[in-house]
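Asks: Okay, structure incoming, though there's no sequence with it:
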């Protein structure tokens, strides 16, 4: 919908136009009415209309002078002139100011609507032309950037082949100009309670926004330092030239900026110097290994490599096994746990006793920690299991079996809890929504806050129990109530919008038309059929 402002100093004229013209069917929302040119200048700043529908002859300042002033301030604003003066001077002035149409009074509602439809077609065409040009320019830029970044990702994953060096020679974005030697940094958002609260509050409903928000902050950092950012394996990779000290300063700036603007704690692992694209894979391994130091030395800072390659590989291996255990605790099936056990048994077969004991202690500890976070009481399992076998010299296979039984116990308990409490919670949420749908502040965020659950978890449970999304369910409630009021009451459209939780009459009309195929007014005129 385009926004239209109506300007006329005669109340009867404005009221007649508003009462008889269906702006929405012509593609416009009447965003403001002005009683004269001075009032129009103020309201144009407030409402930013796409089109100004104005009379010419008004006191203090005529319509042509008003248009001249508006054009200086808002070059893209369009104008339709309505006048009772069939005077060539006015017509000439209108042509000079490139108004969209010049109409003479009296004009019927159908005549006005025909002009508005014509104006919408012109606006659509102008928008399409602007969009086509912008899309073409953006496509050229994105193709160059995506081609180069795609090859970088191939090197990171070790799958680069063919003439990849030639592809990497493709010019990088104008604002980066990365050249080797450079440093590769891995930036990770921490899973602290504070971070999780921010993620639930600001990004659960639109998780794709998180990556965009982080990229936006990092782009500001790279205005102060040279660098380039891309996402890889749910992490943010930074390519940083200009020496190690400058790379560390860039990373410190990134951590500080993410904390300041998004209130998120981040930690960065930095590689040794990377001499070219072929060294990116090794650089990533170095940066990821450096990042693991945060589990011992703390979060929210920059870490650089200081251990041997062999030790880095062992630390990464331990971290990967730990991550898999925690994932199985959340949703592992018997088949997945059995497959994990078979793989773990094979892995530890060639390990010395101390290494095997360290790995098994870590995995048992991670399982118990995951159970505690999920609120699972593991005492019943511990009384029947013999986890000490995991640490005995001859108990490798038996220890893995005991660990698998504990994993399955925790995963089953988590599933039972989600299924039982989830259905009860959704039933209460449905009842709560049915009682409060008329509150325009009611939303997915407010309902989740009322029930103390994350928006992601709530949305998944609601879809499972109700077969539709929460927002769709809420919209259906409001539209149903609005239909009833339109068919059986004399309330005005804006009153019905308020009473059914839409708040804004224009938004209500848009939603109603999208759902029912006709406007609220048309629905009422048809008797609610």
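Replies: Looks like it came in fine. The structure presented is a predicted model; accordingly, all values stated were derived computationally and were not measured.

Asks: I'd like to know how many residues surround residue 324.
Replies: By the other Cβ atoms under 10 Å criterion, the neighbourhood of residue 324 contains 18 residues. Yep, even glycine has a C-beta here, placed from its N, CA and C like the rest.

Asks: host element of it?
Replies: Using DSSP states H and E, residue 324 falls within helix 309-331.

Asks: quick one: the helices in the stretch 251-400 of the chain?
Replies: With helices called from DSSP state H, counting those that start in this stretch, the stretch 251-400 of the chain shows them at 280-291, 294-297, 309-331, 334-348, 353-374, 379-382, 396-436.

Asks: Just list the residues touching residue 500, thanks.
Replies: Neighbouring residues of residue 500 by Cβ atoms under 8 Å, 6 or more residues apart in numbering: 437, 438, 478, 479, 481, 482, 485, 508.

Asks: Inside helices: which ones of the residues you listed?
Replies: 478, 479, 481, 482, 485, 508 (DSSP state H).

Asks: which residue sits closest to the third one, ignoring its sequence neighbours?
Replies: This points to residue 481. Once flanking residues are discounted, residue 481 sits nearest to residue 500: 4.7 Å by Cβ to Cβ, 6 or more residues apart in numbering.

Asks: do the same with residue 34
Replies: residue 40 (3.8 Å).

Asks: Wasn't the one you found part of a helix?
Replies: Yes - secondary structure of residue 40 (DSSP: H, G, I helix; E, B strand; the rest coil): part of a helix.

Asks: so it makes contact with residue 54?
Replies: Yes - counting by Cβ atoms under 8 Å, residue 40 touches residue 54, with 6.9 Å between them.

Asks: Can you pull the residues that touch both of the two?
Replies: Applying Cβ under 8 Å, 6+ apart, one finds that residue 40 and residue 54 are jointly contacted by 7, 66.

Asks: Between the helices of the stretch 251-400 of the chain, which shows the greatest average number of neighbours?
Replies: helix 280-291 (a mean of 23; mean count of other Cβ atoms under 10 Å).

Asks: For residue 427, which non-adjacent residue is closest in space?
Replies: Residue 427's closest residue in space is residue 465 (Cβ to Cβ, 6+ apart), at 7.7 Å.

Asks: thought the one you found was touching residue 428?
Replies: No - shown here, residue 465 and residue 428 do not form a contact pair, counting by Cβ under 8 Å, at 11.3 Å.

Asks: Out of the ones in helices among the contacts of residue 500, which comes closest to residue 75?
Replies: Of all these, residue 75 sits closest to residue 508, with 32.6 Å by Cβ to Cβ.

Asks: The lowest-mean-pLDDT helix or strand in the chain: what's the following helix or strand?
Replies: Here the helix or strand of the chain ranked lowest by mean pLDDT, DSSP states H and E is helix 164-168, holding a mean of 41. Next helix or strand after helix 164-168 toward the C-terminus (DSSP H and E): strand 182-189.

Asks: so what does that following strand touch, helix or strand wise?
Replies: strand 235-240, helix 244-261, strand 266-274, helix 280-291 (3 or more Cβ pairs under 8 Å, 6 or more residues apart in numbering; DSSP states H and E).

Asks: In CSV: the ones you listed, plus mean pLDDT.
Replies: Shown next, in CSV, are the helices and strands packed on strand 182-189 (pLDDT from 0 to 100):
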stretch, mean pLDDT
strand 235-240, 88
helix 244-261, 90
strand 266-274, 90
helix 280-291, 86
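
Asks: what about the residue minimising distance to the centre of the chain, helix or strand, and which?
Replies: Among the residues of the chain, the one closest to the centroid is residue 209, at 2.5 Å (Cα atoms, centre = their mean). Per DSSP H and E: residue 209 is located in helix 208-224.

Asks: can the helices and strands packed on strand 182-189 go into CSV with extra columns for distance to residue 72?
Replies: As requested, the helices and strands packed on strand 182-189 are exported to CSV (distance: least, Cβ to Cβ, whole Å):
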stretch, distance to residue 72
strand 235-240, 44
helix 244-261, 35
strand 266-274, 45
helix 280-291, 52
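
Asks: I'd like to know which of the ones you listed is closest to residue 470.
Replies: Once the helices and strands packed on strand 182-189 are compared by Cβ to Cβ, helix 244-261 is nearest, at 29.3 Å.
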